[in-house]
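K.L.:
based on what follows, work out the 3D shape:
(chains A, B, C and D)
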There are 2 protein chains.
Amino acid sequence: MKYTKKDRQQLLLETLEKNPFITDEKLASTFNVSVQTIRLDRMELSIPELRERIKSVAAHNFVEEVKSLPLNEIIGEIIDIDLDKQAISILDITQDHVFARNGIARGHHLFAQANSLAVAVINDELALTRKSTITFVKPVKAGDRIIAKAVVLSRDTEKNSTLIEVTSKVENDTVFIGQFSMYRVTKS
Amino acid sequence: MKYTKKDRQQLLLETLEKNPFITDEKLASTFNVSVQTIRLDRMELSIPELRERIKSVAAHNFVEEVKSLPLNEIIGEIIDIDLDKQAISILDITQDHVFARNGIARGHHLFAQANSLAVAVINDELALTRKSTITFVKPVKAGDRIIAKAVVLSRDTEKNSTLIEVTSKVENDTVFIGQFSMYRVTKS
DNA sequence: CACCATTTTAGCACTTGGTACTAATATCAG
DNA sequence: CTGATATTAGTACCAAGTGCTAAAATGGTG
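P.N.:
Numbering: from 1, shown residues only, chains lettered A, B, ... in the order given. Just a heads-up that it's a prediction; the model follows:
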């Protein structure tokens, strides 16, 4: 049974969305039309040819890969830092950060931003988290911009330990509070 | 100036490693040799042609993308779960998880695994982390396999609160302990 | 039913970025 | 100088297209 032009084109879009690695020939046989029809459809929908589709997937993710390495080091973007005193970072919450079920950001992203910031504010070669106490004050949703502020509370030189408090806010509402006890190997 | 065969092939590998999107023709002109030489080189080094290279990047990243959505939901692989009682998950630490400087895993990955597990063990629609206390007992390195075990300690039905302790080990050495106070909307 | 528009199919020349293969040159080392 | 290694050239062919022309099928409307 053949679809109408409209239905077929809709299906074509969905099919290629799911799997861009299909030749016109295979598409033609799955929709029971000629290759030329598929090509007309692609033109009307301005869908590029197989090779271009593959290339764009590859290029897109190649960029992502490059981008994810620096991101791996610090979660969130640091906008202000005064070493050993305080630091501020921003993290924009997207659909990727939230639970599908309820749209609320997963806790570990807030933790990651705060922990990254706690590490960054320490002016040292080596900084590791020793202990932390975390409170998730209020749920964060996709679209929210979290501003995290880390403040160095105290420093115990003998124990190589630094106490940092990170407070994260969304539009002046506190959403997260964390105390981090950081270990450091001080050279200074 | 022309390179020796060996040098050229080495450079070829590095060049394509950095950017797989180059045709033989461009390679030939950048190395000042003929296209045929490039093709011989590719054969000797068993480097596939441009389109295959692109395809493999695309395929790889397409899979990653698909994989990262479920992964986004749970960090680590759950290998055993007894709802509202206990659960176990595994996370293999790779180079991507560690600080470049010292090779030690960033704390938020351990937190993410533990927190994911705490969420998963709760047999409910909605589970959010309210508070947590975290201790990083011992540094974890690339290549380590973290086995996290979550145990439900207590449950306060009136407060919609559940207390969970997660202990993560690498080869029987405890590396991480976390207490999570979880919020839940119980229907049962 | 006839007619016209839309849709679908067919066919051919041409393009890119190759493979596979053969054959002719360079280049260099002993 | 000679033989081996390296490089270049050239041809036929392939996949997955584009671009174009033209024919056939289908559909709705008066």
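K.L.:
I'd guessed residue A:58 sits against residue B:58; true?
P.N.:
Yes. Under the criterion of C-beta atoms under 8 Å, residue A:58 makes contact with residue B:58 at 3.9 Å. C-betas here are computed from N, CA, C, even on glycine.
K.L.:
okay, domains of chain A per the record?
P.N.:
Following automatic domain parsing, chain A resolves into domains at A:5-71, A:74-184.
K.L.:
and residue A:111, what does it touch?
P.N.:
A:134, A:178, B:108, B:111, B:112, B:115 (C-beta atoms under 8 Å, 6 or more residues apart in numbering or on different chains).
K.L.:
so it lies in a helix, does it not?
P.N.:
Yes. The assignment for residue A:111 (DSSP: H, G, I helix; E, B strand; the rest coil) places it in a helix.
K.L.:
where's residue A:79, which helix or strand?
P.N.:
Remark: residue A:79 resides in strand A:77-82, with elements defined by DSSP states H and E.
K.L.:
next SSE after that strand?
P.N.:
strand A:86-92.
K.L.:
if you count contacts, what does that following strand end up packed against?
P.N.:
Strand A:86-92 is packed against strand A:77-82, helix A:107-121, strand A:145-156, with contacts defined by 3 or more C-beta pairs under 8 Å, 6 or more residues apart in numbering or on different chains; DSSP states H and E.
K.L.:
which one of those lies closest to residue B:160?
P.N.:
Nearest of the helices and strands packed on strand A:86-92 to residue B:160, taken as C-beta to C-beta: helix A:107-121 at 16.5 Å.
K.L.:
on that earlier part again, output the domains of chain A in TSV, with distance to DNA strand D and mean pLDDT appended to each entry.
P.N.:
As requested, the domains of chain A are exported to TSV (distance: least, C-beta to the nearest atom of the strand, whole Å; pLDDT from 0 to 100):
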stretch	distance to DNA strand D	mean pLDDT
domain A:5-71	3	84
domain A:74-184	30	88
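K.L.:
rewinding a little: partner strands of the strand holding residue A:79, parallel or antiparallel?
P.N.:
Sheet partners assigned to strand A:77-82 using DSSP bridges are listed as strand A:86-92 (antiparallel).
K.L.:
for the partner strand, output the C-alpha coordinates as CSV.
P.N.:
Extracted in CSV, the C-alpha atoms of strand A:86-92 (Å, rounded to 0.1, in the frame of the first residue of the first chain):
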residue,chain,number,x,y,z
GLN,A,86,36.0,33.3,46.4
ALA,A,87,34.8,32.4,42.9
ILE,A,88,31.6,32.5,40.8
SER,A,89,30.4,30.3,38.0
ILE,A,90,27.4,30.0,35.8
LEU,A,91,25.7,26.8,34.6
ASP,A,92,22.7,26.8,32.2
